[in-house]
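K.L.:
with the input below, show me the fold.
(one chain, ligands or ions: 1)
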Amino acid sequence: MQMLVLGGTVFLSRAVAAAALAAGHTVTCVSRGVSGAPPDGAEAVTADRSRPGALAAALHGRTLDAVVDVATMSAPWVRDALDALHGRFGHWTFVSSVNTYADLSLRGGTVAQPTLAPLHGRPDEELAKRDPDVYGAAKVASEQAVRERAGDRAHVVRGGLMCGNGDLSDRYGYWADRFARGGRVVVPDVPAQPMQLVDVDDLAAWIVACAADGTTGTHDGTGPRSTLDRVLAATAAAVGAGDLELVRVPEPTLVEQRMGSWAGPRSLPLRLPEELWGMVDRDVTATLAAGLTPRPLADTARAALAWDRGLGAGRERRAGLTDAEERAVLRALG
Ligand SMILES: NC(=O)c1ccc[n+]([C@@H]2O[C@H](COP(=O)([O-])OP(=O)(O)OC[C@H]3O[C@@H](n4cnc5c(N)ncnc54)[C@H](OP(=O)(O)O)[C@@H]3O)[C@@H](O)[C@H]2O)c1
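P.N.:
Predicted structure coming up:
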C-alpha cells in the first residue's frame, strides 16, 4: 500500500508512519520539516499547509492507496488536502478527537452521541488551547469535510487520551516519571473518577490496519474503560521506585491549594472535573471489535518513562507539580 501521512514527524502521526513501514507499506510524510524528521524509510516531502496551493503542488501527480490526516484544528487545511488529492486516493483516515462531543459529562457514550456545532474556519490556536470546545468544533467541521469528500472511504478516528512514546504533553508521562523517582507522591483522592487511554503505538497500528483492510465509518480511538485509581496503581506497579508511597489528597485540599486538573503547570494531570468524566469513559465496544488491540498498561508506562528519560531530567514540564509545589501540598496535609 502507498500511504501518505499528513504530518508524520511527531507523536501519533510519526507512530502511524512507523507502523505502516513496519507492516511493509510505502510511506510518504508531508510536513513543514520544523518539528522533526519522519521515521527512517519514509519519504519526507516539505509543504506548509497554511500556504494556499502548497500541498497540491507538493503532491502533484501522486496517487495514494491511503491517506492519514491529523490536522489539529483547521477544517480549511482538511478541505484543501481532500481537494488536492481528489480522485487520487483510496482510503482516507482523519484523526479527530473525543472533544467533538457536545456533552462530555455523559458516561458510556458512543459515536452516535451528538457533537458540537461545526466551526468551519481556522480558529485562533491560543483560544482553542484555552477552550476545548473551540478545538472540538473545528474537528467537527473537519470530520464533515472528510465525510463529504471521501464518502464511504472515510475513517474518522476520534482520539482519546494518547500516551507513551513521543508524548510531549507530560500528562501521563508526569506520573510515570514521578513514580519512578519514588518517595511520597501526591495523588488525587478521586476513587470514582473514570479514566481511559490508548498507547499511541496501539492506536497507530490500528489506524494502519484499518486503512489496509478498508475499515471505514467513525470510531472512538481509545482503550478500555478504567478508573484513574487503577491506572495510577498499575503505572506505579510497573515503574514505581521501591520507596514509592502514594499520598491520596482529598479534593477540598486540592481546591484549597489551587491545584489544576488534566494538564498544564501546577496540575495533577488526568484529574478531571465530574462534568468532563464522559471524555474518559467512552463505550469502545465497536472500536475493540474493529481490531484496536490495547497492550498492558505496564508496557505503556515503561514506554512513557523511557521517552520521558530521553527528554532529559530536570526539564521544565508542561504538566504536573514541581518538587516544591508537591512539598507544599504534603506540608498542607500536616
Ligand atoms: N494527544 C492526544 O492525547 C490527542 C487526543 C485526541 C486527539 N488528538 C489528535 O491526534 C492528532 C495528533 O497528531 P500528531 O501526534 O501528529 O501531533 P500534531 O502536533 O498534531 O502533529 C502535527 C504534524 O503536522 C505537521 N504540521 C504542523 N503544521 C503544519 C503545516 N503548517 N504544514 C504542514 N504540516 C504541518 C507537523 O510537522 P511540522 O511541524 O514539521 O510541520 C507534524 O508532523 C491530532 O489530530 C490531535 O488533534 C490527540
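
K.L.:
quick check, the lengthiest helix in the chain touching the ligand?
P.N.:
Using DSSP state H, we find that the single longest helix of the chain is helix 132-150. No. Judged by CB under 6 Å from any ligand atom, helix 132-150 makes no contact with the ligand; its nearest approach is 6.8 Å. Where C-beta positions appear, they are placed from N, C-alpha and C, glycine not excepted.

K.L.:
list the contacts of that helix.
P.N.:
69, 71-75, 78-79, 82-83, 86, 89, 92, 94, 96-97, 99-101, 115-120, 122-124, 127-129, 154, 156, 158, 218 (CB atoms under 8 Å, 6 or more residues apart in numbering).

K.L.:
quick one: name whatever helix or strand follows that helix.
P.N.:
Once the chain leaves helix 132-150, the next helix or strand it forms, by DSSP states H and E, is strand 154-159.

K.L.:
and that following strand, how far out from the chain's middle?
P.N.:
12 Å (CA atoms, centre = their mean, to the nearest Å).

K.L.:
quick one, what contacts Ala192?
P.N.:
Thr227.

K.L.:
so it is in which element?
P.N.:
Assigning secondary structure by DSSP H and E places Ala192 outside every helix and strand.

K.L.:
the contacts of helix 132-150 in strands, which ones?
P.N.:
Counting by DSSP state E, the contacts of helix 132-150 place 69, 89, 92, 94, 96-97, 154, 156, 158, 218 in strands.

K.L.:
okay if I get the residues you listed as TSV plus neighbour count, pLDDT and distance to the ligand?
P.N.:
Below are the ones in strands among the contacts of helix 132-150 laid out as TSV (neighbours: other CB atoms under 10 Å; pLDDT from 0 to 100; distance: CB to the nearest ligand atom, whole Å):
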residue	neighbour count	pLDDT	distance to the ligand
Asp69	22	98	8
Phe89	22	98	17
Trp92	26	98	14
Phe94	26	98	8
Ser96	27	98	7
Ser97	23	97	4
Ala154	20	98	15
Val156	24	98	11
Arg158	24	98	7
Thr218	20	98	14
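
K.L.:
greatest separation within the residues you listed: which pair is it?
P.N.:
Greatest spatial distance among the ones in strands among the contacts of helix 132-150 (CB to CB): Phe89 and Ser97, at 22.4 Å.

K.L.:
contact partners for the residue of the stretch 201-334 of the chain found nearest the ligand?
P.N.:
Residue of the stretch 201-334 of the chain nearest the ligand, by CB to the nearest ligand atom: Gly221 (7.5 Å). Shown in contact with Gly221 (CB under 8 Å, 6+ apart): 95, 157-160, 198, 203, 206-207, 287, 292.

K.L.:
just Arg271 next, same as before
P.N.:
188, 190, 193, 228, 254, 259, 261-262.

K.L.:
three-state assignment of Ser169?
P.N.:
Secondary structure, DSSP: H, G, I helix; E, B strand; the rest coil: Ser169 is coil.

K.L.:
same deal with Met162?
P.N.:
Relying on three-state DSSP, one would call Met162 strand.

K.L.:
same question, Ser261
P.N.:
Ser261 ends up strand, using three-state DSSP.

K.L.:
read off the pLDDT value for it.
P.N.:
Ser261 carries a pLDDT value of 93.

K.L.:
so the closest residue to it other than its chain neighbours: helix, strand or coil?
P.N.:
Closest residue to Ser261 apart from its sequence neighbours, by CB to CB, 6 or more residues apart in numbering: Arg271 at 4.6 Å. Under the three-state scheme (three-state DSSP), Arg271 adopts coil.

K.L.:
lovely, talk soon.
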